[in-house]
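Novice: can you look at this prediction? I've put the sequence above it.
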Amino acid sequence: MAEVSNSKLFQIDTGILQKDACIVIVKTEWNATVVDELEKGAIRVLNEQGITDIRTVVVPGAFEIPFGVKAYWDNNKHKSNRPCAVITFGCVLRGDTPHFEYVCRAVTDGVLQLNLQLPVPVIFGVLTVDNQLQADERIGGRHGHKGEEAAITAVKMIALNNSFKQ
């Protein structure tokens, strides 16, 4: 099992942070208790890093996340405060039908495609879990806080992306 304690994720040594960065969070309405906590954790970390231009887009479910990201980008890419990164949040709980696999595959593939197509990073913060306990363990439980991790990943990816432009 991957453990954040085995990584250097929380070591933020990316150089000068882009404090005026705009970060967009695309989150789902489904499993709102978990998803809202992911968002709160991300916003807390981003604010600690001095990033305050954070916008939230709400989509019905995880399947709609890629559309939400792409539509937001297409409508804001020419603006001076266009997104520097997008963080996606959702929580897909396994049920009794194959629906879980279809939704998880679609959102994963969709976010992957966006990472390859858009000039800004799209961070995958969608929990794909078997039960509520596993979700709870990922919003501040024994598996850390995946919202905080997604925010740190966004900050690091913005710095990486900016380093290529120099």
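Specialist: That came through fine.
Novice: quick one: secondary structure of the residue of the chain most remote from its centre?
Specialist: Relative to the centre of the chain, the most outlying C-alpha is that of Asp96, 26.8 Å out, by C-alpha atoms, centre = their mean. Reduced to three states with DSSP: H, G, I helix; E, B strand; the rest coil, the structure at Asp96 is coil.
Novice: pLDDT of stretch 135-146, averaged?
Specialist: Across stretch 135-146, pLDDT averages out at 95.
Novice: which residues touch that stretch?
Specialist: 3-4, 31, 34, 37-38, 41, 91, 93, 125, 127, 129, 147 (C-beta atoms under 8 Å, 6 or more residues apart in numbering). The way it works is simple: take the backbone N, C-alpha and C, and place the C-beta from them, glycine included.
Novice: so which of these are in helices?
Specialist: 34, 37-38, 41, 147 (DSSP state H).
Novice: what is the most widely separated pair among the residues you listed?
Specialist: The most widely separated members of the ones in helices among the contacts of stretch 135-146 are Val34 and Gly41, with 10.9 Å between them, by C-beta to C-beta.
Novice: phi, psi of the residue nearest in space to the middle of the chain?
Specialist: Among the residues of the chain, the one closest to the centroid is Ile87, at 2.7 Å (C-alpha atoms, centre = their mean). Note on Ile87: backbone dihedrals following degrees, to the nearest 10 are phi -110, psi 130.
Novice: what pairs with it across the strands?
Specialist: Ile25, Ile123 (DSSP bridges).
Novice: what sits up against the host helix or strand of Tyr102?
Specialist: Applying DSSP states H and E as the criterion places Tyr102 in helix 99-117. By C-beta under 8 Å, 6+ apart, the residues outside helix 99-117 that reach it are 61-63, 65-67, 69-70, 86, 88, 90, 92-94, 121-122, 124, 126, 128.
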